[in-house]
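In: need coordinates for the following:
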Amino acid sequence: MPIVLNGCLNITEVTVALVASSDCFSYAFTELPSGIPHVQKLSMELVMETKMQDYTKCPTMFLNLRHLVLTMEIFRHYEHTGGILRLAYLLELAPVLEQLELHMEWHGKGEIGPHNHLKALHITGAYSYQSLLDLALYIARNATALECMVIDPMVKNNYVLSHHEEEQHAVNWGRQMAKQHLK
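Out: Below you'll find the model as predicted:
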């Protein structure tokens with residue numbers, strides 16, 4: 001069912017919950033931009049599947065959108081994961097976007113079980129990306145034989161350890177971030 005907003009074209013903050021049992025990402029981001037062209041903050045709840053869906057890019061854009069909050073229920077298909085890449089399209093659709101929040105709840109089709117063989121994990125250069133810490137947490141939760149995990153913020157390039165002042169600052173920041181998120 002199409003969303004019709006009569007007389008609300010100048011609205012700047014919108015919250016939309018698309019109640020559906022199937023993927024509605026494409027609908028949301030091909031129909032909404034023309035209906036709310038002046039929105040600056042958009043909060044949306046929707047369902048998304050990782051299986052690639054046919055996707056037509058919208059001819060209009062969110063030219064004023066600065067803050068996007070997506071709360072998504074994601075149904076993953078392990079044999080098909082390309083659908084999640086549609087999130088990259090949001091950067092094209094909203095050229096002045098300053099804040100992007102993604103809140104995801106995953107539901108699996110073909111769940112991955114625990115990993116029974118990995119005994120050691122060593123990650124270097126992990127000082128600036130939250131996603132690396134999320135990966136470490138995922139491994140810690142699923143690698144049942146894990147005996148040792150080392151997350152080293154120091155960058156190691158061809159056996160030479162980097163000691164520049166900027167890198168040392170990043171390393172210290174990385175240690176603080178790791179302590180905060182991996183407790």
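In: which stretches of the chain have low pLDDT?
Out: Applying pLDDT under 70 to the predicted model, the residue ranges of the chain that meet it are 1-9, 52-56, 78-81, 108-115, 124-132, 154-168, 170-171, 181-183.
In: show me it divided up by domain.
Out: Here the domain assignment for the chain is 13-109, 120-181, based on automatic domain parsing.
In: just those domains: most buried one?
Out: Looking across the domains of the chain with neighbours counted as mean count of other C-beta atoms under 10 Å, the highest average goes to domain 13-109: a mean of 15. C-beta here means a position set from N, CA and C on the backbone, and glycine is covered the same way.
In: what about the strands in the protein?
Out: Secondary structure of the chain, counting by DSSP state E: strands at 13-17, 41-49, 67-77, 99-109, 120-124, 148-152, 156-157, 160-161.
In: and the residue lying closest to Glu105 once chain neighbours are set aside, what are its bridge partners?
Out: Leaving aside its sequence neighbours, Glu105 sits nearest to Glu73 (C-beta to C-beta, 6 or more residues apart in numbering; 5.2 Å). For Glu73, the residues forming beta bridges with it (DSSP bridges) are Val47, Glu105.
In: who's in contact with Glu73?
Out: Taking C-beta atoms under 8 Å, 6 or more residues apart in numbering as the criterion, Glu73 is in contact with 45-48, 105, 107.
In: surely Pro153 meets Lys179?
Out: No: between Pro153 and Lys179 no contact is recorded; they are 10.9 Å apart, counting by C-beta atoms under 8 Å.
In: Leu121 - nearest residue in space that isn't next to it in sequence?
Out: Leaving aside its sequence neighbours, Leu121 sits nearest to Met149 (C-beta to C-beta, 6+ apart; 4.7 Å).
In: so the one you found is in contact with Leu133, correct?
Out: No: the pair Met149 and Leu133 does not pass the contact test of C-beta under 8 Å, sitting 11.4 Å apart.
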